[in-house]
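Enquirer: Prediction below, plus the sequence it came from.
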Amino acid sequence: MPTSPVHPTSPPAMAWSTDNCTVGRTMAILGERWTVVVLREVFNGVRRFDDIRRHSGIPRQVLSNRLASLVDEGILRREPYRPEGGGRTRHEYRPTAKGLDLYLVMVAVAEWGDRYLADPEGPPVEFVHRDCGEQVHPVVECAAGHRVERPRDVVSRPGPGAKPFAG
């Protein structure tokens, strides 16, 4: 199949394939509402199936599917526990190192929601530094250590895994 030349007025990104896009791959895992709600619950310390279901309102089968998917992806791990009073062994869900790397994403999503979607009284949850109690905020900085204050100061460019767009 012949490749389509990129029109000279097209954005530069049109020259590169999206077949191996890591944003797309990430959203294939996280892009469904209930998945992010499950992560919110686990990050907030709600780690048992029945507690997550009761606190979040996620339907049982949906929760079961989302937890299984997050475990399969290596984002959560299952930890066995025995309920007080005996009974069969059950599991808590705890973030792995890969899962904890998503915490900054959760803080960024919450900050955006706090800015645009919070009730007039303010946000329902604040993320604070455990040591001093002050609120934390996601920060963007370049590899040279420069803090990037404005989104327009960030541009994309082809990375080492970029492949030409074949149209």
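Expert: On my side now, so go ahead.
Enquirer: ok, now which ones touch residue 68?
Expert: Contacts here follow C-beta atoms under 8 Å, 6 or more residues apart in numbering; on that basis residue 68 touches nothing. C-betas here are computed from N, CA, C, even on glycine.
Enquirer: now the strand or helix carrying it, how far from the chain's geometric center?
Expert: For residue 68, the host element (DSSP states H and E) is helix 60-72. Here helix 60-72 is found 16 Å from its chain centre; the criterion is C-alpha atoms, centre = their mean, to the nearest Å.
Enquirer: Going by neighbour count, list what's buried in that helix.
Expert: For helix 60-72, burial by neighbour count (16 or more other C-beta atoms under 10 Å) applies to 62-63, 66-67, 70-71.
Enquirer: Please apply the same query to stretch 150-158.
Expert: Residues of stretch 150-158 include none that count as buried (16+ other C-beta under 10 Å).
Enquirer: cool, stretch 34-42 as well?
Expert: Buried residues in stretch 34-42, counting neighbours by 16+ other C-beta under 10 Å, are found at 35-42.
Enquirer: Give me the mean pLDDT for that stretch.
Expert: The average pLDDT within stretch 34-42 is 97.
Enquirer: next one: stretch 86-96
Expert: 93.
Enquirer: i'd like the first residue to be 18 from this point on
Expert: All right, first residue 18 from here; so that's stretch 103-113.
Enquirer: returning to that earlier point: of the buried residues of helix 77-89, which is the nearest to residue 144?
Expert: residue 87 (20.7 Å; C-beta to C-beta).
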